[in-house]
Structure formats: structure tokens, C-alpha cells
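Chemist: Predicted model and sequence below, questions to follow.
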Amino acid sequence: MQLEEKAGILAGKVWEYLNENGESTEKEIMKGIKVRRATELYLALGWLLREGKLNESGTEEEPKFSLS
């Protein structure tokens, strides 16, 4: 699987999770979409940010994400 395809699939999972659960932390999202590496999560978050579909709030130590 190529990186772009993987990013798109992960972004879809994050979008679905946030759509169902609302604002969530990194740890909550990672557990909810079943990824072990933060790099995978941030690959998906970057995709959603680029598309303008993601908001960030919370603190630097514990950011929270929600859909735009």
C-alpha cells in the first residue's frame, strides 16, 4: 500500500471516529481507530487539516481535535 493511499484510509477512519464521538484527544482517537504509532495518527490529521476538515483546541500537552 502506498503512503498516499494509507493516509487517505487513516484520514477516513479519523473522520468517522470524530463524527461519531466529537472532540477527542490523540490517545482517544488512536485507541478508537486502533493505531499504535502516533506518526500514523498525524499522517491522517495532516490530511484532514489540509482539506479544512479539522479543528484543534486544548493545550500543547493535550491537544483535542474535532471536525470543522
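Modeler: Yes, it's here.

Chemist: Which stretches in this structure count as strands?
Modeler: Assigned by DSSP state E, the strands in the chain fall at 24-25, 54-58, 63-67.

Chemist: distance between the second one and the chain's centre?
Modeler: Its chain's C-alpha centre and that of strand 54-58 lie 11 Å apart, by Cα atoms, centre = their mean, to the nearest Å.

Chemist: mind listing what's buried in it?
Modeler: Using 16 or more other Cβ atoms under 10 Å as the test for burial, strand 54-58 gives Leu54. Glycine gets a C-beta too; all of them are placed from N, C-alpha and C.

Chemist: How about the last one?
Modeler: Of the residues in strand 63-67, those buried by neighbour count under the rule 16+ other Cβ under 10 Å are Lys64, Phe65.

Chemist: Identify the residues contacting it?
Modeler: Residues outside strand 63-67 that contact it (Cβ atoms under 8 Å, 6 or more residues apart in numbering) are 14-15, 18-19, 22-26, 29, 45, 53-58.

Chemist: can you do 10 Å?
Modeler: Residues from elsewhere that reach strand 63-67, judged by Cβ atoms under 10 Å, 6 or more residues apart in numbering: 14-15, 17-19, 21-26, 28-29, 41, 45, 48-49, 53-58.

Chemist: before we move on, back to that, any chance of JSON lines for the strands of the chain, columns mean pLDDT?
Modeler: Listed next are the strands of the chain as JSON lines, based on pLDDT from 0 to 100:
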{"stretch": "strand 24-25", "mean pLDDT": "97"}
{"stretch": "strand 54-58", "mean pLDDT": "94"}
{"stretch": "strand 63-67", "mean pLDDT": "96"}
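
Chemist: Including distance to Gln2, could these go into CSV?
Modeler: Converted to CSV, those look like this (distance: least, Cβ to Cβ, whole Å):
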stretch, distance to Gln2
strand 24-25, 27
strand 54-58, 22
strand 63-67, 25
